[in-house]
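Chemist: Generate coordinates for the sequence data below:
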Amino acid sequence: MQNPGDILLISCYELGHQPMGLAMPIGFLARAGYPAAAIDLAVEKLDPKKVARARFIGISVPMHTALRIGARVLERIREIHPTCHVAFFGLYASLNESYLLKSGADSVIGGEYEGPLLSLIDRLAGEGSDLSDQAEAIVGVSQEGEKQRPLLAHLPFAVPGRQTLPPLMKYAHLEENGVRRVAGYVEASRGCRHLCRHCPIPPVYDGRFFLVPRETVLEDIRNLVRLGATHITFGDPDFLNGPNHSLRIVRDMHEIFPEMTFDFTAKVEHLLNHRALLPEFAALGCRFIISAVESLSDAVLTCLAKNHTRADILEAFKIARWAGIPLRPSLVPFTPWATLDDMIGLFDFVEAEGLIDHLDPVQYTIRLLIPSGSLFLTEASMTPYLGPLVQEAFTHLWTHPDPRMDTLQKEMSRMVEEATEKEEDPAVIFYRLKDLAAAAREGRPSRPVDVTVDPDRVRPPRLTEPWFCCAEPTENQFAILEESEKIL
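Modeler: The predicted structure is shown next:
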């Protein structure tokens, strides 16, 4: 498969970033002499001509939203090109391999997928679109009748290939002091050393993580700068899993590009354990840190196995303020163990601590997802609430013991989706959501919120993508496929 267009890689959603789920495999394939075309459905339409001429199509599904969209993409591909070899790859591919194979995918690849993906394409290049029944199985590549465990081994990383991807201007920007700057996205590590029960990474990586070589990361940053980036998001599940590795990279980045800024994600416990590093991160250009706070309830945090407490969260905010770095928490407010009082307490805490502009409104709507393979499937605390797997939704049903919480989550999700589409002020949305929660507890209808906010206030730095990986896809995110259908 040496001709451009033989290999087509499709990304469905990567949090508003130029997709690493395409850039990294494109780099691997290019190094081996396989040029690959790419489509990112977050910013492009599905091109039926590209689909029709491809001999191999890979669909990147690193998160829940991407998988929901990717399943529909598979249906469209089979309508356009029934005989093309289609593979799903990425974190959520492994978790749902049985369903994907039964639904029309030829192969599923998870874990450190680039090596197996290249081996699969090597095999197909020699044998055509159908693999021989007698051929030896490819390590890390699952097919119908031949399931393989995800490959967990350190790969000879290639520099991500970005030249064929949509320009950075089409993706999320850093917004700071009213100015928007072009942002790039890199990864310094893969996997995670922790076993939080609600996270999709542990069922695949089981506490393992792999460092991307420093020079590979730096070369990727150099390429992003050439493409216009002035800010870098380190998309590692936890940038402080390897703190010395990460610190060396940002030191080198700062030396090469002194004006470059960055953000990263880290656990609360890492912020506490590595607090001495935060002032240096600030001096090197860190604009904010995302941390999976998830809940302020110690009972909920215990069930999630977060390994931090409410007191730890308060300390983490204190440390971040001391270092001069805004902390942007991510949340899972709707779990079987959370109460309406917890929800009201969350809004009161955010307001009292001056954190309204530190959270995108979608964070208040996130409901616990329990995909296939979730650690919660064998956890006693979940058993009373757990229902069957709804495979087309890629999650197990669960029911809250207080029906008001399930109703509230649906109402809040609807409100946030509508308000986000209208680009309403997040502070106004916050107070409307707070009243919804109060109305649910008090047994009354929600009231119009009369609140005045300063639209010109100074807000902490943020990326302009308002959605989140664990949120359900919006109709607009699905609409790109409907627009593509009109082309046919």
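Chemist: can we go C-alpha only for contacts and neighbour counts from here?
Modeler: OK.
Chemist: chain center to stretch 77-96: distance?
Modeler: Going by C-alpha atoms, centre = their mean, to the nearest Å, the spacing between the C-alpha centre of stretch 77-96 and its chain's C-alpha centre is 19 Å.
Chemist: Okay, buried residues for it please.
Modeler: 77-78, 80-81, 83-96 (16 or more other C-alpha atoms under 10 Å).
Chemist: Excluding its own residues, what touches that stretch? List them.
Modeler: Contacts to stretch 77-96, defined as C-alpha atoms under 8 Å, 6 or more residues apart in numbering, come from residues 21, 48, 51-52, 54-64, 67, 74, 100, 104-111, 113, 129-130, 150, 200-201, 203-204, 371-373, 394.
Chemist: Show me just the buried residues among the residues you listed.
Modeler: By neighbour count, with 16+ other C-alpha under 10 Å, the contacts of stretch 77-96 hold 21, 48, 51-52, 54-64, 67, 74, 100, 104-111, 113, 129, 150, 200-201, 203-204, 371-373, 394 as buried.
Chemist: M169: neighbouring residues, count only.
Modeler: Neighbouring residues of M169 were enumerated by other C-alpha atoms under 10 Å; the total is 15.
Chemist: what does E424 give?
Modeler: 12.
Chemist: Where does it sit: helix, strand or coil?
Modeler: The assignment at E424 comes out as coil when based on DSSP: H, G, I helix; E, B strand; the rest coil.
Chemist: That one and M415, how far apart?
Modeler: Summarising the geometry, the distance separating E424 from M415, computed by C-alpha to C-alpha, to the nearest Å, is 11 Å.
Chemist: so F430 makes contact with H358?
Modeler: No: under the criterion of C-alpha atoms under 8 Å, F430 lies out of contact with H358, with a separation of 11.2 Å.
Chemist: returning to that earlier point: can you tell me which of the buried residues of stretch 77-96 are in helices?
Modeler: Those of the buried residues of stretch 77-96 mapping onto helices are I77, R78, I80, L91, Y92, A93, S94, L95, per DSSP state H.
Chemist: Out of those residues, which is nearest to R275?
Modeler: Taking C-alpha to C-alpha as the measure, R275 lies nearest L91 of these, at 30.2 Å.
Chemist: So, low pLDDT: which residues of the stretch 351-488 of the chain?
Modeler: Across the stretch 351-488 of the chain, the ranges flagged by pLDDT under 70 are 467-488.
Chemist: Could you chop the chain up by domain?
Modeler: According to automatic domain parsing, the chain is divided into the following domains: 7-156, 172-464.
Chemist: how far out from the middle of the chain is the shortest one?
Modeler: So the one you mean is domain 7-156. Distance of domain 7-156 from the chain centroid (C-alpha atoms, centre = their mean) equals 18 Å.
Chemist: any weak-confidence spans in the protein?
Modeler: In the prediction, the chain carries residues with pLDDT under 70 at positions 1-2, 4, 127-135, 467-488.
Chemist: what about the closest residue in space to L368 that isn't next to it in sequence, distance to R310?
Modeler: Of all residues not flanking L368 in the chain, T335 sits nearest, at 5.5 Å (C-alpha to C-alpha, 6 or more residues apart in numbering). Using C-alpha to C-alpha, one gets 16 Å for the distance from T335 to R310.
Chemist: Pull the number of nearby residues for the residue nearest to L368.
Modeler: Using other C-alpha under 10 Å as the criterion, the residues surrounding T335 number 23.
Chemist: Tell me the buried residues in stretch 322-330?
Modeler: Along stretch 322-330, the positions that meet the burial threshold by neighbour count (16+ other C-alpha under 10 Å) are A323, G324, I325, P326, L327, R328, P329, S330.
Chemist: For P160, what are phi and psi?
Modeler: Backbone torsions of P160, given as degrees, to the nearest 10, read phi -50, psi 140.
Chemist: thought it was touching I26?
Modeler: Yes: assessed by C-alpha under 8 Å, P160 is found in contact with I26 at 6.5 Å.
Chemist: if you count what's nearby, which of those two comes out ahead?
Modeler: Set side by side, P160 and I26 give different neighbour counts by other C-alpha under 10 Å, the larger being at I26 (30 against 24).
Chemist: Leaving out chain neighbours, which residue sits closest to the more buried one?
Modeler: Distance criterion C-alpha to C-alpha, 6+ apart; nearest residue to I26, sequence neighbours excluded, is G161 at 5.2 Å.
Chemist: In a helix, that neighbour, correct?
Modeler: No: the assignment for G161 by three-state DSSP gives coil, which leaves it out of any helix.
Chemist: tell me how far the ends of stretch 45-55 are from each other?
Modeler: Criterion C-alpha to C-alpha; first-to-last residue distance in stretch 45-55 is 20 Å.
Chemist: Can you tell me the SS state at the residue lying closest to L359 once chain neighbours are set aside?
Modeler: Among residues not flanking L359 along the chain, R328 sits closest, at 6.1 Å (C-alpha to C-alpha, 6+ apart). Each residue gets one of three states, and R328 gets strand by three-state DSSP.
Chemist: Do a quick rundown of the helices in the stretch 251-400 of the chain.
Modeler: 268-273, 278-283, 298-304, 310-323, 340-352 (DSSP state H, counting those that start in this stretch).
Chemist: Out of these, which is closest to L247?
Modeler: Across these, L247 has its closest neighbour in helix 278-283 (7.6 Å, C-alpha to C-alpha).
Chemist: So which elements touch the closest one?
Modeler: Based on contacts counted as 3 or more C-alpha pairs under 8 Å, 6 or more residues apart in numbering; DSSP states H and E, the elements that helix 278-283 packs against are helix 310-323.
Chemist: Can I get the helix it packs on in PDB, CA atoms only?
Modeler: What follows is the C-alpha trace of helix 310-323 in PDB, where atoms were taken according to Å, rounded to 0.1, in the frame of the first residue of the first chain:
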ATOM      1  CA  ARG A 310     -11.600  16.600  50.400                       C
ATOM      2  CA  ALA A 311      -8.900  17.900  52.600                       C
ATOM      3  CA  ASP A 312      -6.300  17.000  50.000                       C
ATOM      4  CA  ILE A 313      -8.300  18.900  47.400                       C
ATOM      5  CA  LEU A 314      -8.300  22.000  49.500                       C
ATOM      6  CA  GLU A 315      -4.600  21.700  50.000                       C
ATOM      7  CA  ALA A 316      -4.000  21.200  46.200                       C
ATOM      8  CA  PHE A 317      -5.900  24.500  45.500                       C
ATOM      9  CA  LYS A 318      -3.800  26.200  48.200                       C
ATOM     10  CA  ILE A 319      -0.500  24.900  46.700                       C
ATOM     11  CA  ALA A 320      -1.600  25.900  43.200                       C
ATOM     12  CA  ARG A 321      -2.400  29.400  44.300                       C
ATOM     13  CA  TRP A 322       1.000  29.600  46.200                       C
ATOM     14  CA  ALA A 323       2.700  28.600  42.900                       C
END
